[in-house]
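1. Here is a sequence with its predicted model. Questions after.
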Amino acid sequence: MKNDNRESSFLRQVGVCFGRCSRGFKNEKGWKLIVSVALIMVLISTVTGEDLFVGFDDTRNGSFALVCACLWTGIFNSIRVVCRERDIIRREHRTGLRMSAYVTARMLFEARLCLVEGLVGPLVVWLINIGHFIKKGVILPPPLEMWITFFLIIFAADCMAMMISSVVTNENTAMTVMPFALIIQMIFSGTVFELEGLTDAFSRLTISRWGMNGLSAIANVNKMSFVHYYAELESTPANVTKIWLVLLVSALVYSVLAWAALLAVDRY
């Protein structure tokens, strides 16, 4: 019976925190985030040209721009939310709020938001590039594969930002750290610079590297060039599934780190 009570308390706290997240999103007109995603994707699709998903270099460059847009979207979703609520979290934690319940609620809410943002992105890209869009999917229809990939990139970046917001103590610090987090992702994506040794190993810990691999594999870039071939970009169900799982695990790891940081919320 005690176990049932504890489970009920956890679920009830998740529900209360989720409701608060939803109200905060509504009060702050969070729908603007979704509109901004659409506008960014329109701009990217406008400048990438008709060789996107056709030529190797253009597809890689376009994919890099799309991944950066997803990273920015995810980071901006939650870079300030936890530190903004820090006083409320600290007060409620002292009266019985479980940090696991708060982080779970925040994850569920952000996942719902990222699903919508992840849908808007591929929809815009598909509509603008419909004449030369990816013709054949690896596992699912190409637009659906791109939706899943966009969602996972945005969600992983969102959870990373939530971790940063859980570690820092105020919004100004969070906004100062945000550009560095985004720059690190861009540098170690494996697209702008050729990485070797330790830098290559580190890049495999970044969301951007796996996001680039995901979009490149879905677009089957290895078939677009007689010169370039990369095993990590293979357009196979096993490779695409692996990339999706890595991105999902990254999101979970960042969420656990956020929970661990919030356990010390009473100390600072």
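-> That came through, no problem.

2. How about the contacts made by residue 215?
-> 63, 66-67, 146, 149 (C-beta atoms under 8 Å, 6 or more residues apart in numbering). Every C-beta, even on glycine, is put in place using the N, C-alpha and C of the backbone.

3. Likewise for residue 10?
-> Residue 10 neighbours (C-beta under 8 Å, 6+ apart): 98, 100-101.

4. per-residue confidence for residue 2?
-> Per-residue confidence (pLDDT) for residue 2: 44.

5. Need the nearest residue in space to residue 218, chain neighbours excluded.
-> Nearest residue to residue 218, sequence neighbours excluded (C-beta to C-beta, 6 or more residues apart in numbering): residue 145, at 4.9 Å.

6. pLDDT at that neighbour, what is it?
-> 96.

7. Quick one: name whatever helix or strand follows the strand or helix carrying it.
-> Using DSSP states H and E, residue 145 maps to helix 142-167. As assigned by DSSP H and E, the chain's next helix or strand after helix 142-167 is helix 171-187.

8. so residue 129 makes contact with residue 45?
-> Yes - using C-beta atoms under 8 Å, residue 129 is in contact with residue 45, at 6.0 Å.

9. from the middle of its chain, how far away would the helix or strand harbouring residue 39 be?
-> Secondary structure from DSSP H and E places residue 39 in helix 31-48. Relative to its parent chain, helix 31-48 has a centroid offset of 16 Å by C-alpha atoms, centre = their mean, to the nearest Å.

10. What is it packed up against?
-> Secondary-structure packing of helix 31-48 (3 or more C-beta pairs under 8 Å, 6 or more residues apart in numbering; DSSP states H and E): helix 56-78, helix 99-128.

11. C-alpha coordinates for the helix or strand following the shortest one, PDB please?
-> Of the helices and strands lying after helix 56-78 in sequence (DSSP H and E), the nearest is helix 81-84. Included here for helix 81-84 are C-alpha records, laid out as PDB according to Å, rounded to 0.1, in the frame of the first residue of the first chain:
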ATOM      1  CA  VAL A  81      12.900  27.700 -18.000                       C
ATOM      2  CA  VAL A  82      14.400  25.900 -15.000                       C
ATOM      3  CA  CYS A  83      16.500  28.900 -13.700                       C
ATOM      4  CA  ARG A  84      13.500  31.100 -14.200                       C
END
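
12. Who are the packing partners of helix 81-84?
-> Helix 81-84 sits against helix 142-167, helix 171-187, with contacts defined as 3+ C-beta pairs under 8 Å, 6+ apart.

13. export the shortest one as CSV, just CAs?
-> Once non-C-alpha atoms are left out, helix 171-187 reads as follows in CSV (Å, rounded to 0.1, in the frame of the first residue of the first chain):
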residue,chain,number,x,y,z
GLU,A,171,18.7,33.5,-16.7
ASN,A,172,21.6,35.9,-17.6
THR,A,173,24.1,33.1,-17.1
ALA,A,174,22.0,30.7,-19.0
MET,A,175,21.8,33.0,-22.0
THR,A,176,25.6,33.6,-21.8
VAL,A,177,26.3,29.9,-21.9
MET,A,178,23.8,29.2,-24.7
PRO,A,179,26.0,30.6,-27.6
PHE,A,180,29.0,28.5,-26.4
ALA,A,181,26.8,25.4,-26.4
LEU,A,182,25.6,26.1,-29.9
ILE,A,183,29.1,26.9,-31.2
ILE,A,184,30.5,23.6,-29.8
GLN,A,185,27.8,21.7,-31.5
MET,A,186,28.5,23.5,-34.8
ILE,A,187,32.3,23.0,-34.6
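
14. For it, name the packing helices and strands.
-> helix 56-78, helix 81-84, helix 142-167, helix 207-219.

15. and if we set it to 6 Å?
-> Applying 3 or more C-beta pairs under 6 Å, 6 or more residues apart in numbering; DSSP states H and E, we find helix 171-187 packed against helix 81-84.

16. Sounds good, over and out.
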